[in-house]
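S.K.: Provided below are the primary sequence and the corresponding predicted coordinates.
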Amino acid sequence: DSAEASPSVVFENTERCSPDCLQMLLENISGLTVDADFTVELIPEINVAVVTFIKNIDTKEFVEKCSQNKRVREFNMTAWLLESTQSIKAENLPESISTDYLTVYFESARNGGGPVSDVQLFPEENSAIITFCDHKGNS
């Protein structure tokens, strides 16, 4: 649904920008405040940060501002909207985990879940693919 843009923006190539610097840069570009208006989740293993806006903003416009920002370009970072998905991969699961447990866990509203349509366990990888009934996590 293109009418409703994702509240999350992915930043790639974040290794040259410290976490504090990234937060200040995002505040400067958005005019918003970290923690109150948006959160930043760093994934250092792949030099990515995911910014999720709590405050309702035009994330497409924000991505455009980022692509034109001198500092973002100097850091060689790129930004794009995080696509919605119906499936997620859970990793590092205990060997004794069951599909029933995973279904109940990911359907819990307290955990940010919603109705689950399928769970595929991959015991050899200690992982599972959880598929939701719709991409928002609830129907």
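M.R.: Yep, it's here.
S.K.: I figured G114 hits S108, correct?
M.R.: No - using C-beta atoms under 8 Å as the test, G114 is too far from S108 to be in contact (9.2 Å). All C-beta atoms are positioned from the backbone trio N, CA, C, and that covers glycine.
S.K.: quick one, which of those two is more surrounded?
M.R.: Between G114 and S108, counted using other C-beta atoms under 10 Å, G114 has the larger neighbour count: 17 against 11.
S.K.: now that one, what's its secondary structure?
M.R.: coil (DSSP: H, G, I helix; E, B strand; the rest coil).
S.K.: so where's the longest helix in the chain?
M.R.: Secondary structure of the chain per DSSP state H: the longest helix is helix 19-30.
S.K.: following that helix, which helix or strand shows up next?
M.R.: Using DSSP states H and E, the next helix or strand after helix 19-30 towards the C-terminus is strand 38-43.
S.K.: tell me which residues in the helix or strand following that following strand are buried?
M.R.: Scanning forward in sequence from strand 38-43 by DSSP H and E, the next helix or strand is strand 48-53. Counting neighbours by 16 or more other C-beta atoms under 10 Å, one finds that the buried residues in strand 48-53 are 48-49, 51, 53.
S.K.: Stretch 28-35 now?
M.R.: Going by neighbour count (16+ other C-beta under 10 Å), the buried part of stretch 28-35 is 29-30, 32, 34.
S.K.: Now the terminal residues of that stretch, how far apart.
M.R.: 14 Å (C-alpha to C-alpha, to the nearest Å).
S.K.: Kindly report the same for stretch 93-113.
M.R.: End-to-end distance for stretch 93-113: 17 Å, by C-alpha to C-alpha.
S.K.: Flag the shaky bits of this structure, pLDDT-wise.
M.R.: By pLDDT under 70, the low-scoring segments of the chain are 1-4, 111, 135-139.
S.K.: Nearest to the middle of this structure, which residue? Look it up for me.
M.R.: Nearest residue to the geometric centre of the chain (C-alpha atoms, centre = their mean): V50, 5.2 Å.
S.K.: T78 is in contact with F11, correct?
M.R.: Yes - counting by C-beta under 8 Å, F11 touches T78, with 7.3 Å between them.
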